[in-house]
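>>> here you go, sequence then predicted model.
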Amino acid sequence: MTAAHAAGRQRPLLPDQQPQRVRVAAGAATLAAVVAAVALRVVGNAPPTAASVPSGALDAAATAALVVPAAAAVAVAVTTDDDVERVGLLAVGVFAGLTAASAAATVPAAGAIAGGGALAVGSRGTWTGDWRAVRRALVTGLVLASVALSLGGAVGVAPAFARPVGSELYLVGVAGTVLFARPGRAGWVVGGLAAGAVLYAASAAPFATGAAVLVAGAAVDVSGALLAAGVAGATAATVGGLCARNVPAAVGAATVLFAGVPATPARAAAVVLGVSLLAWATDPAPGTGVGVGE
């Protein structure tokens with residue numbers, strides 16, 4: 001095993017690292033809720049299977065996809081030792097949770113989640129120093145900008161073009177998640193296959209693909225090539241994390257992908273949790289994460 005490969009492995013969690021355990025568990029719970037919601041949403045909207053999905057199951061999955069990321073953000077916030085991250089994640093979790101109780105909280109939640117996400121991810125403190133840090137900062141900046149634009153456009157506080165621009169920024173940022181990991185041969189191969197499948201579907205059945213992307217990922221007016229790039233990047237990052245035994249990084253990348261365009265508080269909270277976990281799990285600063293992605 002090379003030294004570089006060994007550096008990409010997950011560092012074992014020590015017995016006293018309860019905050020790290022909470023962070024990883026919160027990320028895994030968020031990913032599970034998001035994947036379940038996407039699967040039921042797609043099955044429930046596909047003509048051959050729509051009638052077989054009870055409306056109660058769809059409602060329950062949608063509620064879980066909102067409540068779980070909100071609770072996960074609060075859980076990480078109360079256990080982290082970073083004051084800036086605590087404030088950011090509390091804002092994300094509390095305001096996302098409030099939207100489950102009242103739709104009137106949606107507009108203030110949009111600002112709180114966007115601002116809180118910037119604080120939470122920016123608090124990692126490794127965005128300066130070398131070109132790799134600049135790449136990481138650029139990717140997270142694109143994802144967080146998509147949160148602000150997509151949520152702002154969805155709730156009506158931003159111009160009409162904000163939604164499609166937010167969708168494009170999100171996919172570019174998702175494609176860039178590969179820069180946080182060392183994909184290896186397996187990651188590049190699986191990512192390439194995923195991209196090929198998306199491109200084939202987009203060319204063979206463009207209307208069905210567009211409808212599926214809208215239902216599953218809330219993407220608006222995006223090209224097949226950009227969609228393929230986003231899927232390829234996040235898939236490669238996920239596989240690379242798994243191959244390097246850095247499960248938190250894999251969970252973070254997968255969460256960012258499956259959460260979809262952050263045009264709702266539920267999706268936005270999941271995206272923030274995912275990119276925060278990915279940044280933490282691949283943080284190159286000693287003692288700040290559980291693994292190194294580069």
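Done, it's in. Because the structure is predicted, anything quoted here is derived from the model rather than measured. Numbers count the residues shown, from 1 in each chain.
>>> what stretches of the stretch 101-250 of the chain score poorly on pLDDT?
Across the stretch 101-250 of the chain, residues meeting the criterion (pLDDT under 70) sit at 124-130.
>>> would you map the helices across the stretch 101-250 of the chain?
Taking DSSP state H, counting those that start in this stretch, the helices of the stretch 101-250 of the chain run over residues 106-122, 131-155, 162-175, 184-204, 206-217, 224-243, 247-259.
>>> for the ones you listed, which one sits closest to residue 64?
Closest approach to residue 64 among the helices of the stretch 101-250 of the chain is made by helix 247-259 (13.2 Å; C-beta to C-beta). C-beta: built from backbone N, CA, C; applies to glycine.
>>> mean neighbour count, the helices of the stretch 101-250 of the chain: which tops it?
When the helices of the stretch 101-250 of the chain are scored by mean count of other C-beta atoms under 10 Å, the highest mean neighbour count falls to helix 247-259 (a mean of 28).
>>> now residue 21. Its backbone dihedrals?
Main-chain dihedrals, residue 21, degrees, to the nearest 10: phi -60, psi -40.
>>> same question but for residue 160, I mixed them up
phi -60, psi -30.
>>> for it, what are its contacts?
residue 153 (C-beta atoms under 8 Å, 6 or more residues apart in numbering).
>>> distance of it from residue 179?
Distance, residue 160 to residue 179, using C-beta to C-beta, to the nearest Å: 31 Å.
>>> tell me which residues are up against stretch 74-89.
When contacts are defined by C-beta under 8 Å, 6+ apart, stretch 74-89 is touched by residues 18-19, 22-23, 25-26, 73, 90, 93-94, 97, 115-124, 272-273, 276.
>>> give the buried residues for that stretch.
For stretch 74-89, a neighbour-count test (16 or more other C-beta atoms under 10 Å) marks 74, 75, 76, 77, 79, 80, 82, 85, 86, 87, 88, 89 as buried.
>>> which one of the residues you listed sits closest to residue 164?
Looking across the buried residues of stretch 74-89 and measuring by C-beta to C-beta, the closest to residue 164 is residue 88, at 26.9 Å.
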